[in-house]
Structure formats: structure tokens, C-alpha cells
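> mind folding the following:
(2 chains)
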Protein chains: 2
Amino acid sequence: MGEEVVVFDVWVNPYSRRVETAMRLKGVPYRYIEEDLGNKSPLLLKYNPIHEKVPVLVHNGNPIAESLVILEYIDETRPQGFPILPRDPYERATARFWSKFIDDKCMPAITQACWDEGEASDKAVEEATELLMFLENELKEKRFFGGERIGMVDIAANIVGFWLGTIEEVTGVELMTRDKFPKLSNWSIEFVRSNVIKENLPPREGVISYLRKKRLTR
Amino acid sequence: MGEEVVVFDVWVNPYSRRVETAMRLKGVPYRYIEEDLGNKSPLLLKYNPIHEKVPVLVHNGNPIAESLVILEYIDETRPQGFPILPRDPYERATARFWSKFIDDKCMPAITQACWDEGEASDKAVEEATELLMFLENELKEKRFFGGERIGMVDIAANIVGFWLGTIEEVTGVELMTRDKFPKLSNWSIEFVRSNVIKENLPPREGVISYLRKKRLTR
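Sure thing, here's the model as predicted:
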């Protein structure tokens, strides 16, 4: 095919994992370049001069940044493969809404709740709990946010399905308890167990050790 | 057709105007409900319980929130009409990237630069200038961000094309000067002059008077 697909990523980064999960779901071979965020490569800065962040997908020389934008691009350029977004326009809008909700609302609240201290943390725990409850309710009786199989919202929610547990373990903050969030808790078990996700997550102990170090240097 | 399209909006809100611009570009008739943000209607709270914000589009009883999500939905449900997103997947990704950039980066920086005071404002002016320069460069030699005609990025950039001038007038902050931003300045003239945009913008004097009141009550 003469196609060149390169992904600039960081192993421990949830946004990075989203892109690689999508590539694997679609069965697209790609070249992986691990970035050192303390010493970003000239290529990363060239391809993502605005945000200077991973992930970046470079397809035949054309760079794309922002993980959710990349997920849509992968889905649109491989329409025959595994459907990342649903086909129905209203379901697509709903998937985009929740993915954006995770990034814009849940991510900052979870980060603050777990990493801040004192009053700021307490307030953020309350906010994050409220936000996670919206996700809990959105699951309804579905196995995944995408229904019977993983979709865009599940991929976007990897921070909740995998990372949150590791952050809780390291910081001691308890956000997603089973009694408060039975559906999200079950979903997160299903999520990390499902094939492509499992193969594509970093080792739990490695993430925990990374987060412990990060905590010490804050 | 038996279709029901309702839009919950606020006349002075740039996000609201995005949705209505898209509806007019597509030639979709809709019922307009003006919201009072000081006293939100039970229907708005029902349809957008998470953000409790305008705009909300309700299509045959199905609510959609978040202006960029709504733009994509309008484009997908009316594929035969005026193309809001480009057809090529890479150009689509680029349009999504810039629209997101405007919301995530430019909007907060512009707001802070214009409405904050003292040091916080100075810092934000610097940041907003840097961000607007990315938009200036992205215009290249194009008439609109969408090329020869308006597209998603132009619609998203209405805050720069129209609102910024009114905010500058009210606050006295100068961000988008012609000498620094010749392309963006020309684009903004073309933007407010183009037919559907012109018909869909609130009256300039009305916005200025609204902003003056808002400034007094801050």
C-alpha cells in the first residue's frame, strides 16, 4: 500500500493509548516513536507546534494532533474496519458529546481531586463525583458505552477505566467506589479485560511506580 | 416532512450563533427559543442537564448540546446541503483541530485578556496574541479558513471575526490590530460581510450595549 503511519506517543499517557487502541482495533500497522516529555524531539515540535504534546499521528507525512480528532480520522480513513464511532448521526453526536465531556470536565476534576491537597482537593472530589455520576447513568444497562462493543466513548474513558484506579492507589483518594458507582465499576473491569484494550494498556505496576515518582517530585 | 427542529439560544451568545449560522447555511427551518440565562427554562435544564447552557438543538425530540457537536450533526443529517466540514478526511481533521483550538485555547485567553485586570490581563494579552498568530498563519492565502467559502472553522471563529471587535471597543484592550494581524483582519471584514453571517449576527450596537452593562456589573 506504500502507506506510512507513525505515532508519537508516551507509554504512560492515556491520550496516547487512545490512539493506539484505535489503530489496533482497525488493524492498522504503525511505527511507534516514544517521546521523552522532558526532552521533546524536534519532530514532535515540528508536527505539533501549537500544543507540543503527544499523541501525534503522521499519515503519509500529514500530522494530526489531539487524540479525539485522531480517533475520528482513523475511523474515517478506515470505514471498513471496526466502527469506532456509531453510524447513526444522533448516536455519533452523543458519542462526541460524552468524549468531550470526559476531556473537558472529568479529566481536570479527577486530576485536581487526586493531586491537589486540602480544600481544593475536597471541592474537586465533590465535583468529580458528580461528573462521574453522569457517566454512571449514561451506561444504563449497556455493557460498554458503545453498546455491546467498545466505541469512541469507551476509548476516551480509559482514564476512568484504567488510570483512575492507579491514581487512587498512589494518592489514597477514593473516587470511584463500587457502592457509589456499581455500573462504572463493572464497566471498568470489562474494559481492562477486553482483548484489544488489555494488550494496549501499560503494565499496572509500571504506571503505579511512575505515578509514585511523579508524586514525590510535585 | 414532519420534522421538528428547535434551537435554545441566547441572542448575544457566539456559540448560539454558530448553530444558527449552520442551520441557515443548510436552509433548515427551525423554531427559536430565546433563553434567559438568569432564569433558565425547565426545558433547557431538561435537555442539557450537564452543562445547563445554550445552545441546545432538539431534533424530533432528541437533544444535542455543545455547539461543535451540533455543527457536525447538522452537517451529517443534511449531507446534500452546504458543506460545513470538508469532505476529505485530512481536511476534516484539520477543521476539527482548529475549531477545538479556538474553543480550548483562544476563547479563554481572549476572555482573560479583555476582562481581567492588571498583571493577569497583561499575561493573557501576550498569550492571546500568540494564539491568534497561529490562526493568522493558518489563513495562508485563503479567503476563508474553509477556502473559497465559509466552513466549520470560520463559523467557530465568529468570536474572533465579530465579538472580539465589540469586546475590544468596550474594554479598550487592543488585541487584533491590523499591523500585527493583516490576514485575520481582512478575514474578519469578509466574514461579517458574507451573506449568511451578516444576517445571523446580532446588531453590533446591541452587543456593545450588552457588554457595557456586563462590564459595570463585574
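> what about residue A:6, neighbour count?
18 (other Cβ atoms under 10 Å in any protein chain shown). C-beta coordinates here come from the backbone N, C-alpha and C atoms, glycine included.
> hmm, whatever helix or strand it lives in touching chain B?
Secondary structure from DSSP states H and E places residue A:6 in strand A:5-9. No - on the criterion Cβ under 8 Å from any Cβ of the partner chain, strand A:5-9 is out of touch with chain B, staying 13.0 Å away.
> show me where chain A has its strands.
Under the criterion DSSP state E, chain A contains strands at A:5-9, A:31-34, A:56-59, A:62-65.
> each with direction, which strands does the first one pair with?
In other words, strand A:5-9. Sheet pairing of strand A:5-9 (DSSP bridges) gives strand A:31-34 (parallel), strand A:56-59 (antiparallel).
> give me the average confidence score over stretch A:183-191.
The pLDDT scores in stretch A:183-191 average 97.
> tell me how far it lies from the chain's centre.
From the chain centre to the centre of stretch A:183-191 is a distance of 15 Å (Cα atoms, centre = their mean, to the nearest Å).
> next: stretch A:96-106.
The answer for stretch A:96-106 is 11 Å, by Cα atoms, centre = their mean.
> CA atoms only for that stretch, dumped as CSV, please.
Output of stretch A:96-106 as CSV, limited to C-alpha atoms (Å, rounded to 0.1, in the frame of the first residue of the first chain):
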residue,chain,number,x,y,z
ARG,A,96,-18.8,13.1,20.6
PHE,A,97,-20.6,14.8,23.5
TRP,A,98,-19.5,12.2,26.1
SER,A,99,-15.9,12.1,24.8
LYS,A,100,-15.7,15.9,25.0
PHE,A,101,-17.3,15.7,28.5
ILE,A,102,-14.6,13.3,29.6
ASP,A,103,-11.8,15.6,28.4
ASP,A,104,-13.3,19.0,29.3
LYS,A,105,-14.9,18.1,32.6
CYS,A,106,-13.9,14.8,34.1
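> what residues does it touch?
With Cβ atoms under 8 Å, 6 or more residues apart in numbering or on different chains as the test, stretch A:96-106 has contacts from A:68, A:71, A:85, A:128, A:131-132, A:134-135, A:138, A:145, A:152-153, A:156-157, A:159-160, B:50, B:64-66, B:68-69, B:72.
> repeat for stretch A:29-48
With Cβ under 8 Å, 6+ apart as the criterion, stretch A:29-48 contacts A:4-11, A:20, A:23, A:52, A:54, A:56, A:58, A:63, A:65.
> list the helices and strands the lowest-mean-pLDDT helix or strand in chain A packs on?
Across the helices and strands of chain A, mean pLDDT, DSSP states H and E gives its lowest value to helix A:195-200, namely a mean of 91. When contacts are defined as 3 or more Cβ pairs under 8 Å, 6 or more residues apart in numbering or on different chains; DSSP states H and E, helix A:195-200 sits against helix A:14-26.
> the helix it packs on to strand A:5-9, inter-axis angle?
150 degrees (axes from the mean of the first three to the mean of the last three Cα atoms, to 10 degrees).
> touching chain B at all, helix A:14-26?
No - contact of helix A:14-26 with chain B (Cβ under 8 Å from any Cβ) is absent, the minimum separation being 12.4 Å.
> again with stretch A:128-140
Yes - contact of stretch A:128-140 with chain B (Cβ under 8 Å from any Cβ) involves residue A:134.
> quick one: buried residues of that stretch?
A:128-129, A:131-132, A:135-136, A:138-139 (16 or more other Cβ atoms under 10 Å in any protein chain shown).
> next one: stretch A:192-211
In stretch A:192-211, counting by 16+ other Cβ under 10 Å, buried: A:194, A:196-197, A:200-202, A:207, A:211.
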